[in-house]
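*Asks:* Turn this into a model:
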Amino acid sequence: MVFQRAYSFKSPHPVAITAVGLVSIAGLAVLDSLSGPQVGFAVFYALAIMGVTFHAGWVAGAIMAILSSGAGLSARILYHSDDVSVAAALWNLGNELAVFAALVLVTHYGRSLLDRLAAQSRVDSLTGALNTRGVLEAFEQERARAVRNASPLSIAFIDLDDMKRVNDELGHAGGDEMLRTLASSVVATIRETDIFGRVGGDEFALILPDTDEQRALTAIQRLRGVVNGRTGDEIPYISVSVGVVTFRRDPPEASDALRAADSLMYVAKRAGGNRVAGRVLAWDSAPLGEFGLVFDIAESHEVTGPDGELGSVSA
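*Replies:* Numbers count the residues shown, from 1 in each chain. Presented below is the predicted three-dimensional model:
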């Protein structure tokens, strides 16, 4: 529970945490020296060590542990220099180091466990891609970077065509295998900086950082070519309908961006499927939260979108 509560806070930079830890240990050492042997500060040293380990790593925590043990030893020698033997001093030093080292190991293990659990909570168990939560969080990170760098950001909504027919012919196990096949095909096609995830039963999202409308369309068409070629005796022909949206500036929040790409995917579906519908959109901060069409990506035949506007569909 303590680790979970600490994990919920946004971690400052490890260097800043280490610096605060060093100042804390120094302050505790001064208080330890001034208060005399009747007052102990071990629990405060322990809290400082655990905090630094949790947020800055075990190496920084180990340094804090060594410094804390040294500070306690210095305080004892200062008040009992005549009574403390070398053997006793070393024994006490070893005991404190052992306890503090155990705290470092336990805290580091707790942080590692929480990191693994957090990563698993963002991964789709069937395909190994990100799940909806992971996609939304990743888009928010890329959105902040796009705003900071004034770079374009594209997002695609991908839907398998005729998934019901696949389940009817192959069963749900065969349908699951097709979803895994699609995911592996996409992952093998995209760049390392691109982000791919499953956001529904047979629906996927692809985030394309630093990608304008033309490069986004090229990437999606290449992806479709790979997916369409995944045909075999056990896996029938696969096709996808894709809606892709490019934001040249000030991308909206993740849920709104995904909704915009989703609406364009339905444009591609209504045009017969196995198509890409793309637009460059400017976010309108009006209460309705609608998207204003700047211009179309692809140059092909026009179809009517779900909002009654004309969009462009690339077959």
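
*Asks:* Can you give me the distance of the residue sitting nearest the centre point of the chain to L208?
*Replies:* Per C-alpha atoms, centre = their mean, the C-alpha nearest to the average position across the chain is that of A138, at 5.1 Å. Distance from A138 to L208, counting by C-beta to C-beta, to the nearest Å: 12 Å. Where C-beta positions appear, they are placed from N, C-alpha and C, glycine not excepted.

*Asks:* can you check P252 too?
*Replies:* On the measure of C-beta to C-beta, P252 and L208 end up 16 Å apart.

*Asks:* ok, the two, which is more surrounded?
*Replies:* L208 (24 against 21; other C-beta atoms under 10 Å).

*Asks:* Wasn't the more buried one part of a helix?
*Replies:* No - L208 is assigned strand when assessed by DSSP: H, G, I helix; E, B strand; the rest coil, not a helix.

*Asks:* how close does F247 sit to A219?
*Replies:* Distance of F247 to A219, given as C-beta to C-beta: 16 Å.

*Asks:* Okay, domains of the protein per the record?
*Replies:* What automatic domain parsing lists as the domains of the chain is 2-120, 132-314.

*Asks:* Tell me which of those sits most buried.
*Replies:* With neighbours taken as mean count of other C-beta atoms under 10 Å, the domains of the chain reach their highest mean count in domain 132-314, at a mean of 18.

*Asks:* Return the distance of that one from the chain's centre.
*Replies:* 19 Å (C-alpha atoms, centre = their mean, to the nearest Å).

*Asks:* picking up where we left off before, would you mind giving the domains of the chain as JSON lines with mean pLDDT added?
*Replies:* JSON lines is the format used below for these (pLDDT from 0 to 100):
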{"stretch": "domain 2-120", "mean pLDDT": "78"}
{"stretch": "domain 132-314", "mean pLDDT": "78"}
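
*Asks:* how about the ones you listed, which one is nearest L126?
*Replies:* Counting by C-beta to C-beta, L126 lies closest to domain 132-314 out of the domains of the chain; the figure is 6.0 Å.

*Asks:* List of residues touching stretch 134-148?
*Replies:* 122-123, 130, 151-153, 155, 195, 197, 199, 205, 207, 209-210, 247, 250-255, 257-258 (C-beta atoms under 8 Å, 6 or more residues apart in numbering).
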